[in-house]
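A.B. asks: Here is a sequence together with a model predicted from it:
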Amino acid sequence: MSTSTLDAARAELGILVVYLNKAEARDKICRAIQYGSKYLSDGKPGTAQNVEKSTALARKVFRLVKFVNDLHALISPPSPGSPLPLVLLGKSKNALLSTFFFLDQIVWAGRSGIYKNKERTELIGRISLFCWMGSSVCTTLLELGELGRLSASIKKLEREMKHADKYNDQQYLSKVKQSNERLLALIKSSMDIVVAIGLLQLAPKKITPRVTGAFGFITSLISCYQLLPAPTRTKTA
């Protein structure tokens, strides 16, 4: 093996190590396993369902005290120039997500045997899922609004550049990149609404455990991609 090949392999492994050292990345990998198992089990008892349940419980450990992140975002000042409706949507998303993660800690305590009230644990679990579904709805509306703003900004730049090569303009490329990232986030949040409906069994005939598992697995892969370090994403784009 040549030195250059070894250096390249070492660099790639280094990126992988940095990626796997992120608690969020490990959580999303476990999420993919959880929902992939849900798809395979189709809600029926067996090995796949056991994997799904054990992985779901393990993921709750990764999320302990995670509600602080969205609580911090909730009380932080909004970005300058953001329209009030988008600011309110963003703050609503933060409030709902923070509540979801906080309640999820109680669910973990109940399912691991620390908290003994089983009925209340199940009730809190449903409330937390409704909070997560609400945050996904807010995220979807927020991304739609931001995509509209970006689209208007891109069209304005195109008019200003006229016959100039827009693909050599860094501001234009940056806005296109932001638009693509927002679009991916929109797809993910829209699919997560379906996952939440499936977990809450609000439409059991249409959104079966297999459908829930398939959508959850896809959104998990999207989350894993979003967490990739920038150099890797550039190479694989």
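C.D. replies: Happy to help now that I have it. Numbers count the residues shown, from 1 in each chain.
A.B. asks: quick one: the helices in this structure?
C.D. replies: Along the chain, counting by DSSP state H, helices occupy 3-20, 23-41, 47-62, 67-75, 84-111, 118-161, 170-200, 209-226, 230-236.
A.B. asks: helices and strands of the protein: which one has the lowest mean pLDDT?
C.D. replies: Least confident helix or strand of the chain, by mean pLDDT, DSSP states H and E, is helix 230-236 with a mean of 47.
A.B. asks: Below-threshold pLDDT in this structure: ranges please.
C.D. replies: Along the chain, segments meeting pLDDT under 70 span 1-2, 163, 230-237.
A.B. asks: repeat that with 50
C.D. replies: 232-237 (pLDDT under 50).
A.B. asks: Please report phi then psi for S112.
C.D. replies: Main-chain torsions, S112, degrees, to the nearest 10: phi -100, psi 0.
A.B. asks: Excluding chain neighbours, give the residue nearest to it in space.
C.D. replies: In this structure, S112 finds its nearest non-sequential neighbour in L57, 6.9 Å apart by C-beta to C-beta, 6 or more residues apart in numbering. In this view, the C-beta of every residue, glycine as well, is placed from N, C-alpha and C.
A.B. asks: what does G145 give?
C.D. replies: L86 (4.8 Å).
A.B. asks: what's the burial count for that neighbour?
C.D. replies: Using other C-beta atoms under 10 Å, L86 has 19 other residues around it.
A.B. asks: Could you do A48 as well?
C.D. replies: By other C-beta under 10 Å, the residues close to A48 number 18.
A.B. asks: what does A164 give?
C.D. replies: By the criterion of other C-beta under 10 Å, A164 has 11 neighbours.
A.B. asks: Also S76?
C.D. replies: Around S76 there are 10 residues (other C-beta under 10 Å).
A.B. asks: same deal with R10?
C.D. replies: Using other C-beta under 10 Å: R10 sits among 10 other residues.
A.B. asks: can you list contacts of stretch 61-81?
C.D. replies: Applying C-beta atoms under 8 Å, 6 or more residues apart in numbering, the external contacts of stretch 61-81 come out as 23, 26-27, 30, 87, 90-91, 93-95, 97-102, 104-105, 108.
A.B. asks: PyMOL command for the buried members of the residues you listed?
C.D. replies: Selection of buried members from these for PyMOL, criterion 16 or more other C-beta atoms under 10 Å:
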select buried, resi 26+27+30+90+91+93+94+95+97+98+99+100+101+102+104+105+108
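A.B. asks: Now the phi/psi pair for the closest residue to V87 other than its chain neighbours, please.
C.D. replies: Distances taken as C-beta to C-beta, 6+ apart put P78 closest to V87, at 4.4 Å, once the chain neighbours are dropped. Phi and psi for P78, reported as degrees, to the nearest 10, are phi -70, psi 160.
A.B. asks: Please shift the residue numbers so they start at 11 in all later answers.
C.D. replies: Noted, 11 is the first residue going forward, which turns the last one into P88.
A.B. asks: I figured Y29 hits A35, correct?
C.D. replies: Yes. Y29 is within contact range of A35, at 5.4 Å (criterion: C-beta atoms under 8 Å).
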